[in-house]
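Enquirer: Structure for this input, please:
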Amino acid sequence: MARSSYLLFGVTAYFVFFATFLYLIGFIADAPGLPRTIDGPEPELHSLQGRFAIDAGLILLFGLQHSVMARRGFKAWWTRIVPEPIERSIYVLVSSIVLIVLMRFWQPLPHALWDLRGGVAAPLLWILFALGWTIVLVSTFLISHFELFGLKQVWANLRGAHGVAPTLRQPLFYRFVRHPLYSGFLIAFWATPHMTLGHLLLAAGLSLYILVAIELEERDLLHMFGADYARYRQRVGKLVPRLRRGGD
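Expert: Numbering: from 1, shown residues only. Below you'll find the predicted structure:
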């Protein structure tokens, strides 16, 4: 019964994430018809400073939750409290809830910094936006989509299978960039024909989180794969392909 319950929990967490992820794309695109987007509806607060503080706090909450719960030390402590097969699913569910909170309480800062809508550049920027999200999605499948979002763990637990030791693989994008998933996010965050102050704050805040997260993640990867990852890091660029050896 416990194994079946873990599987149900994992599947539920995955679909909550998937729905949240799809909404996030529309949220950042300021898609018409959605109840809340990055630039709408009208702000609930009149004070620019108050809206800025709330949005910055929401970004900080997102960054802290992702950075802390993804760390090796936290996982070692956390799995003493929660069953190991659903540890990743819990992370996925909590991450989705934090994203939902961010989108629900986000305060628009609609002052336009640039507006290229209606011009020749707009379609190109939307293509870049779609390309960024495509890179994100493809990257998750390259490194095991279902393991990344907890489904592989609960399915293996249901079957009574033991976990397999991780291996350092470099499929497709990973031959040229160490973190293509993050590269895709950065493209998606910044590629917009209509950059508002609120969009800039979200893009800049999440970009800063990504840079910090990469450093923390690479410490764990070095601990896990040792010299193999060190050589990989020397050979392959962090977020963009490397044109020469050494340095990022």
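
Enquirer: Could you check the chain and say which of its helices or strands has the lowest average pLDDT?
Expert: Across the helices and strands of the chain, mean confidence by mean pLDDT, DSSP states H and E is lowest for helix 72-78: a mean of 91.

Enquirer: Helix or strand next in line after that helix, which one?
Expert: As assigned by DSSP states H and E, the chain's next helix or strand after helix 72-78 is helix 87-105.

Enquirer: So in that sheet, which strands flank the next helix or strand after that next one, and in what orientation?
Expert: Downstream of helix 87-105, the next assigned helix or strand under DSSP H and E is strand 112-115. Paired neighbours of strand 112-115 in the sheet (DSSP bridges): strand 194-196 (antiparallel).

Enquirer: and the gap between Ile127 and Arg233?
Expert: 31 Å (CB to CB, to the nearest Å). Yep, even glycine has a C-beta here, placed from its N, CA and C like the rest.

Enquirer: Look at these two and report which has more neighbours.
Expert: Shown here are Ile127 and Arg233; by other CB atoms under 10 Å, Arg233 has more neighbours (16 against 11).

Enquirer: State the distance from the more buried one to Tyr182.
Expert: Counting by CB to CB - Arg233 and Tyr182 are separated by 15 Å.

Enquirer: Kindly report the same for Phe173.
Expert: For Phe173, the distance to Tyr182 - CB to CB - is 11 Å.

Enquirer: who's more crowded, those two?
Expert: Remark: of Phe173 and Tyr182, Tyr182 carries more neighbours, 23 against 19, as counted by other CB under 10 Å.

Enquirer: residue contacts, that one?
Expert: Applying CB atoms under 8 Å, 6 or more residues apart in numbering to Tyr182 gives the contacts Ile210, Ala213, Ile214, Leu239.

Enquirer: one more time with 6 Å
Expert: Neighbouring residues of Tyr182 by CB atoms under 6 Å, 6 or more residues apart in numbering: Ile210.

Enquirer: Check Gly40 too.
Expert: With the criterion set at CB under 6 Å, 6+ apart, Gly40 makes contact with Pro108.
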